[in-house]
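**Student:** My questions concern the predicted model and sequence given below.
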Amino acid sequence: MVSTATQIGSFTFDNCLMNAAGVYCMTKEELLKIEQSQAGSFVTKTGTLTARQGNPEPRYADTNLGSINSMGLPNHGFHYYLDFLSELAKHKDSKSHFLSVVGMSPAETKTILKTIMASDYDGLVELNLSCPNVPGKPQIAYDFDTTDQLLESIFSDYTKPLGIKLPPYFDIVHFDQAAAIFNKYPLTFVNCVNSIGNGLVIDDEQVIIKPKNGFGGIGGDYIKPTALANVHAFYQRLKPSIQIIGTGGVKTGRDAFEHILCGASMVQIGTALHQEGPAIFERVTTELKTIMIQKGYQRLEDFRGQLKYMA
Ligand code: DHB
């Protein structure tokens, strides 16, 4: 019997696969489709203090190798998602979930977290420090001083389980510096990675999305090597109490296997879920289990983080 069950903090999941924030998670109807699929959990669209329209359309495009998006954080406001998750949690056979949030300023982020703290929601929260698409707002986690100050301020009064969604880093010194900051705080997890920010895809002579003259976050096949590097770099550097969620370039069981080998405890699917729909969870789960059977692994713990180096 092989199992793809996993844990994040004190929460258990009967499957390690789930959606990535931003994909199939804007409305209750979409979230319920993930809930009813083979996915072990879902994460909501990142909710802001108040609802947002986002950027002008077209703002998402699939390509042969992945996707580009500049959504601009369209969402129904974090209360919509918080209320929905609190409602779902009343059903005793409900899965555990992730509530993704961020404010448009540190003060707004604090206000959101204060409201969650005071609510009866006691599931996981994923704080999004890596949206690349709001004009004039940099990806928070590329500014280490701001990130350190924000986490210090948050953990001075927030005591529910919290993790952060990170942008990809591309330098060993940045892995070292970022991990040193994260290790100061009681984070439950880090999620590596968000899209590679501000790429450009061209068709004939024209960009393929409207906002920001075509610049947007890149997902899919393009980003798997970067995602695996970030998962493994943080797996090597973070204290064991901070778990890793692996996201980026997952569309087969082999891709999920590689993320887990690099140290991921949960694996999220974004672009490929957008392209294939929620039935992808059944396919990828079956493929992952087939690999595990071939290799004689029964549980994720049998190979998680066991990436082999050359002598
Ligand atoms: C959006 C994109 C992201 O990659 C993200 O982390 C948050 C928001 C967006 O444009 O909506």
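**Tutor:** Nice, thanks for sending it over.
**Student:** how about the CA coordinates for the one helix or strand residue 107 maps to, as PDB?
**Tutor:** Assigned by DSSP states H and E, residue 107 falls within helix 106-118. The C-alpha trace of helix 106-118 is given here as PDB (Å, rounded to 0.1, in the frame of the first residue of the first chain):
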ATOM      1  CA  PRO A 106       2.200  46.400   6.000                       C
ATOM      2  CA  ALA A 107      -0.600  48.100   8.000                       C
ATOM      3  CA  GLU A 108      -3.300  46.400   5.900                       C
ATOM      4  CA  THR A 109      -1.500  43.000   6.300                       C
ATOM      5  CA  LYS A 110      -1.600  43.500  10.100                       C
ATOM      6  CA  THR A 111      -5.300  44.400  10.000                       C
ATOM      7  CA  ILE A 112      -6.100  41.200   8.000                       C
ATOM      8  CA  LEU A 113      -4.100  39.000  10.400                       C
ATOM      9  CA  LYS A 114      -5.600  40.700  13.400                       C
ATOM     10  CA  THR A 115      -9.100  39.800  12.100                       C
ATOM     11  CA  ILE A 116      -8.000  36.200  11.400                       C
ATOM     12  CA  MET A 117      -6.500  36.000  14.900                       C
ATOM     13  CA  ALA A 118      -9.800  37.100  16.400                       C
END
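**Student:** How far off centre is it?
**Tutor:** 20 Å (C-alpha atoms, centre = their mean, to the nearest Å).
**Student:** Mind listing what's buried along it?
**Tutor:** 108-110, 112-113, 116 (16 or more other C-beta atoms under 10 Å). For the C-beta atoms, the positions are set from N, CA and C on the backbone; glycine is no exception.
**Student:** how about the residues of the stretch 1-150 of the chain near the ligand?
**Tutor:** Within reach of the ligand by C-beta under 6 Å from any ligand atom, the stretch 1-150 of the chain has these residues: 22, 46, 54, 70-73, 128, 130-133.
**Student:** which SS state does residue 163 fall under?
**Tutor:** Secondary structure assignment for residue 163 (DSSP: H, G, I helix; E, B strand; the rest coil): strand.
**Student:** can you count the residues close to the closest residue in space to it that isn't next to it in sequence?
**Tutor:** Nearest non-adjacent residue to residue 163, counting by C-beta to C-beta, 6 or more residues apart in numbering: residue 189, 3.5 Å away. Counted by other C-beta atoms under 10 Å, the residues lying close to residue 189 total 25.
**Student:** Report the contact partners of residue 189.
**Tutor:** Residues in contact with residue 189 (C-beta atoms under 8 Å, 6 or more residues apart in numbering) are 8-9, 124, 126, 163-164, 242-245, 265-266.
**Student:** measure it to residue 263 for me?
**Tutor:** From residue 189 over to residue 263 the distance is 11 Å, taken as C-beta to C-beta, to the nearest Å.
**Student:** For the stretch 1-150 of the chain, just list every one of the strands.
**Tutor:** Assigned by DSSP state E, counting those that start in this stretch, the strands in the stretch 1-150 of the chain fall at 6-8, 11-13, 17-19, 60-63, 66-69, 98-101, 124-128.
**Student:** which strands and helices sit next to the fourth one?
**Tutor:** Counting contacts by 3 or more C-beta pairs under 8 Å, 6 or more residues apart in numbering; DSSP states H and E, the secondary-structure elements packed against strand 60-63 are strand 66-69, helix 271-276.
**Student:** chain center to it, what's the gap?
**Tutor:** Worked out by C-alpha atoms, centre = their mean, strand 60-63 lies 19 Å from the chain centre.
**Student:** Note down every partner strand of it and its orientation.
**Tutor:** strand 66-69 (antiparallel) (DSSP bridges).
**Student:** Which strand residues bridge the closest residue to residue 196 other than its chain neighbours?
**Tutor:** Leaving aside its sequence neighbours, residue 196 sits nearest to residue 218 (C-beta to C-beta, 6+ apart; 4.4 Å). Under DSSP bridges, the beta-bridge partners of residue 218 are residue 68, residue 196.
**Student:** Among the residues of the stretch 1-150 of the chain next to the ligand, list the two that are farthest apart in space.
**Tutor:** 54 and 130 (16.4 Å; C-beta to C-beta).
**Student:** Which of these two has more residues huddled nearby?
**Tutor:** Taking other C-beta under 10 Å, residue 54 and residue 130 do not tie; residue 130 has more neighbours (24 against 17).
**Student:** circling back to that earlier point, return the most buried member of the helices and strands packed on strand 60-63.
**Tutor:** Highest mean neighbour count of the helices and strands packed on strand 60-63: strand 66-69, a mean of 26 (counted as mean count of other C-beta atoms under 10 Å).
**Student:** Please list the residues outside it that contact it.
**Tutor:** Contacts for strand 66-69 (C-beta under 8 Å, 6+ apart): 22, 59-61, 133, 195, 199-201, 208-209, 216-223, 249, 270-271, 274-275.
**Student:** are any of those buried, and which?
**Tutor:** 22, 59-61, 133, 195, 199, 201, 208-209, 216-223, 249, 270-271, 274.
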